[in-house]
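[1] Requesting a structural model of the entry that follows:
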Amino acid sequence: MSEWVHRVLGERFPTIESAVSEIAALKAQLELPKGVIHVISDIHGEAKKLRHVINNASGRLRPLVEELFKESLSDEEFREFLNVLYYPAEILQIKSEALVDEEESYQWALATLTRQFDLIRVMIRNRRRKTVKLMAPKEHRELFEVLLNYPAGGHASVFLEVQLREMVKRRLAFPAIRNASRFIRNLTAEELVVAGDLGDRGPRLDRVVDYLLPIPNVSLIWGNHDVSWMGACLGQEALIALVLRISLRYRRLYQLEEGYGLLTKALEQLANTAYADDPAEHFVSKRTGERDPLLIARMHKAVAVLQFKLEGQLVERHPEWEMDDRNLLRKIDFKTGTVELKDGVFPMRDTYLPTIDPKDPNRLSDDEQQCIDRLRESFITSPRLWQHMQWMAERGQMALVRDRAVIFHACLAVDEEGEYLPLSIDGKECRGPEQFEALNKVIKRAFRAGTRASDDDKDWLYYLWAGPRSPLFGKDRMATFETYFVADKSTHKEIKNPWFKWIHDFEFCDRICQQMGVAEGGIIVNGHVPVKVEAGESPLKKGGNAVTIDGAFSEAYGDRGFTLILAPEGEILAEHHAFPDPIAAVRDGEDLIPTRTLLREYDRPRLVGDTEEGCRIREQIRVLEELVEAYELGDIQEGGR
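    Below is the predicted model of the structure:
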């Protein structure tokens with residue numbers, strides 16, 4: 001290691017004692033049980049459900065609370081304390097209305113905080129104190145430090161009493177309780193991994209991201225719905241149309257207008273101008289709402305046609321993608337009202353397409369061009385959309401490995417023999433896991449450039465949405481056009497890549513895990529494809545080393561969900577059911593406990609030293625030992641000199 005590196009490191013550890021102290025703590029950390037990691041996928045805008053799953057730690061928090069308090073609390077007190085942990089905002093609103101006496105408020109706050117910190121002391125037994133301190137909110141660090149030592153000693157009880165009474169007097173005790181519940185939430189898992197598809201279909205992508213943003217230990221893997229929003233934020237016009245179409249299909253306009261301040265007036269004007277007499281019967285939203293359903297249907301059709309035109313232009317720009325079968329407006333016979341698809345020629349059930357010029361079907365009309373220009377301006381100038389999408393770009397990646405779990409959203413495209421199909425990225429032919437690294441670079445590069453990113457980089461975000469070899473998609477086509485315009489349902493079928501057959505094969509999955517750096521005992525973890533539990537499907541694949549954790553979280557798909565828990569004792573699947581409304585849960589004392597299944601049990605509990613985190617810690621120890629040696633040899637002087 002160079003002298004310059006020694007000096008930089010010496011600023012953090014300026015003496016032999018400080019460096020050796022850190023080495024000792026790191027070596028001790030290697031012998032602790034590994035942290036619990038929760039993996040969840042395909043949230044699809046369901047912020048309330050996500051909050052419920054995270055706050056109850058996928059069912060792992062309640063048994064600990066029962067062990068500590070079940071004998072000492074009444075049933076009512078026990079339910080109330082669980083609600084303080086699960087739904088602090090709602091329960092504290094109720095208590096603020098009920099507790100009008102200051103002394104009563106003080107006693108309730110003291111009892112609640114004391115119980116919270118009884119729980120916290122148990123939860124931090126296997127964590128370094130300096131890490132725990134960093135997780136505590138700055139405004140309450142001193143109070144929390146006192147509570148950690150209460151009543152065992154370290155501070156006189158009056159020190160806590162005076163602080164808390166002053167906070168009660170100024171109505172600041174309840175925020176401290178809420179922050180303590182968030183502190184517990186952050187301690188329940190070493191890391192939360194979200195394996196893609198934060199938005200679409202469900203109500204509010206913006207609220208999902210708002211909830212995840214302040215959680216310090218979140219890692220994100222991109223799904224195809226994520227990259228569609230990210231591309232729209234950068235101004236990729238086909239993806240702007242796509243995001244609007246899905247929002248209109250599921251009638252989720254609040255996330256556009258209220259959540260991100262995106263203006264849809266231009267699209268409304270296009271619908272009123274070009275489709276004023278159109279019944280748009282095949283574009284009726286899947287939900288009802290306050291706005292005129294016919295107007296919503298016409299807007300839906302207008303943006304769908306706009307999307308198909310922009311997709312056709314994009315496919316023509318990229319012949320290397322071999323997606324000409326998706327250039328569908330050019331395959332319409334406008335005289336006969338038919339469209340030529342892969343499987344033959346089919347009649348169209350809707351031939352009212354007033355903005356399409358049969359001689360140049362992908363060309364935007366003047367009204368459409370004006371509309372997309374205004375929409376693009378709205379998307380690229382929304383500060384809140386940029387904040388959220390930049391967070392997703394910075395925090396996210398295509399795949400990651402946690403302990404023995406190899407986690408990515410959908411698939412790696414293979415042929416019928418299970419061999420990787422190539423994809424040319426940045427001029428290099430990439431196969432298998434190579435694609436993850438190459439696509440990471442494209443997306444990170446695009447967001448560093450922002451709206452000035454190259455068209456090619458922005459276009460990759462569209463390919464990831466629906467490209468036949470996209471590792472975020474995994475089908476031969478996105479049959480959106482056929483669903484709207486062709487009555488024959490055989491044309492709506494999207495053929496899955498052979499990956500979804502091979503993922504049941506143990507040797508196939510084990511080979512991929514090894515290529516991703518897991519030498520033995522690996523398990524592939526994907527989302528993307530909802531598990532049809534009601535049809536007898538199992539999330540665990542037949543080979544036993546692959547699992548799909550898309551549990552149909554979205555109301556549109558089934559109102560269920562899965563969390564994969566990577567615990568020291570093994571891999572546990574938590575299946576969630578019928579999520580409650582937070583207000584109803586607090587009022588009725590509900591606690592929906594997920595069904596938990598042990599997928600694989602380890603021979604012995606795994607330690608930090610057994611994981612990739614252990615490898616990083618050993619590397620830190622090696623570097624620190626070199627620093628100590630440099631001090632001892634006099635290559636650099638202690639004290640940062």
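
[2] alpha carbons only for contacts and neighbour counts from here, please
    Noted.

[3] what about the strands in the stretch 501-641 of the chain?
    Assigned by DSSP state E, counting those that start in this stretch, the stretch 501-641 of the chain shows strands spanning 523-526, 546-548, 560-567, 570-577, 595-601.

[4] Now for the most centrally placed residue in the chain: which residues touch it?
    By Cα atoms, centre = their mean, the chain has its centre lying nearest to V194, at 3.7 Å. The neighbours of V194, taking Cα atoms under 8 Å, 6 or more residues apart in numbering as the test, are 39-41, 218-221.

[5] Repeat that for I593.
    Contacts for I593 (Cα under 8 Å, 6+ apart) come out as 58-59, 576.

[6] let's see 10 Å
    53, 56, 58-60, 62, 574-577 (Cα atoms under 10 Å, 6 or more residues apart in numbering).

[7] Next, format the contacts of V194 as TSV and append pLDDT and distance to P422.
    Output for the contacts of V194, formatted as TSV (pLDDT from 0 to 100; distance: Cα to Cα, whole Å):
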residue	pLDDT	distance to P422
V39	95	29
I40	94	29
S41	93	27
V218	94	31
S219	96	28
L220	97	25
I221	98	22
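
[8] before we move on, back to that, now the strands of the stretch 501-641 of the chain in CSV, with distance to E145?
    Shown next, in CSV, are those (distance: least, Cα to Cα, whole Å):
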stretch, distance to E145
strand 523-526, 39
strand 546-548, 41
strand 560-567, 28
strand 570-577, 33
strand 595-601, 35
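
[9] Out of the ones you listed, which gets nearest to E11?
    Nearest to E11, of all those, is strand 560-567, at 36.1 Å by Cα to Cα.

[10] Tell me the strands beside the closest one, with direction?
    Within its sheet, strand 560-567 is paired with strand 37-40 (antiparallel), strand 570-577 (antiparallel), according to DSSP bridges.

[11] Closest one to L267 out of the contacts of I593, please.
    Distances from L267 to the contacts of I593, taken by Cα to Cα, are shortest for V53, at 36.6 Å.

[12] What helix or strand is the closest one located in?
    V53 belongs to helix 47-55 when elements are defined using DSSP states H and E.

[13] Please apply the same query to K458.
    Applying DSSP H and E, one finds K458 within helix 455-466.

[14] helices and strands around that helix, which ones?
    helix 224-233, helix 237-249, helix 293-317, helix 434-449 (3 or more Cα pairs under 10 Å, 6 or more residues apart in numbering; DSSP states H and E).

[15] Turn those into CSV, columns for mean pLDDT and distance to H504.
    Formatted as CSV, the helices and strands packed on helix 455-466 follow (pLDDT from 0 to 100; distance: least, Cα to Cα, whole Å):
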stretch, mean pLDDT, distance to H504
helix 224-233, 98, 23
helix 237-249, 97, 32
helix 293-317, 97, 33
helix 434-449, 97, 22
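
[16] which residues sit in contact with the closest residue in space to L50 that isn't next to it in sequence?
    Spatial nearest neighbour of L50, chain neighbours left out: I43 (7.0 Å); criterion: Cα to Cα, 6 or more residues apart in numbering. Going by Cα under 10 Å, 6+ apart, I43 touches 49-50, 194-202, 205, 208, 550-554, 561.

[17] What of P358?
    P358 makes contact with 329-330, 332-335 under the criterion Cα under 10 Å, 6+ apart.

[18] Among those, which one lies nearest to K542?
    Of all those, K542 sits closest to L329, with 41.6 Å by Cα to Cα.

[19] how many neighbours does the closest residue to the closest one other than its chain neighbours have?
    In space, and not counting its chain neighbours, L329 is closest to P361: 5.8 Å by Cα to Cα, 6+ apart. Using other Cα atoms under 10 Å, P361 is surrounded by 20 other residues.

[20] And for Q397?
    23.

[21] Run through this protein and note the low-pLDDT ranges.
    The model of the chain has pLDDT under 70 over residues 1, 151-155, 551-552, 554-559, 578-592, 640-641.

[22] From V531, how far off is the closest residue to L573 other than its chain neighbours?
    Of all residues not flanking L573 in the chain, L564 sits nearest, at 4.7 Å (Cα to Cα, 6+ apart). According to Cα to Cα, to the nearest Å, L564 stands 14 Å off from V531.

[23] Next: R402.
    Per Cα to Cα, R402 is found 23 Å from V531.

[24] The two - which one has more neighbours?
    V531 (20 against 17).

[25] so who does that one touch?
    Each residue near V531 by Cα under 10 Å, 6+ apart is listed here: 537-540, 548-552, 561-562.

[26] By neighbour count, sort out the buried ones in the contacts of I593.
    53, 56, 58-60, 62, 574-577 (16 or more other Cα atoms under 10 Å).
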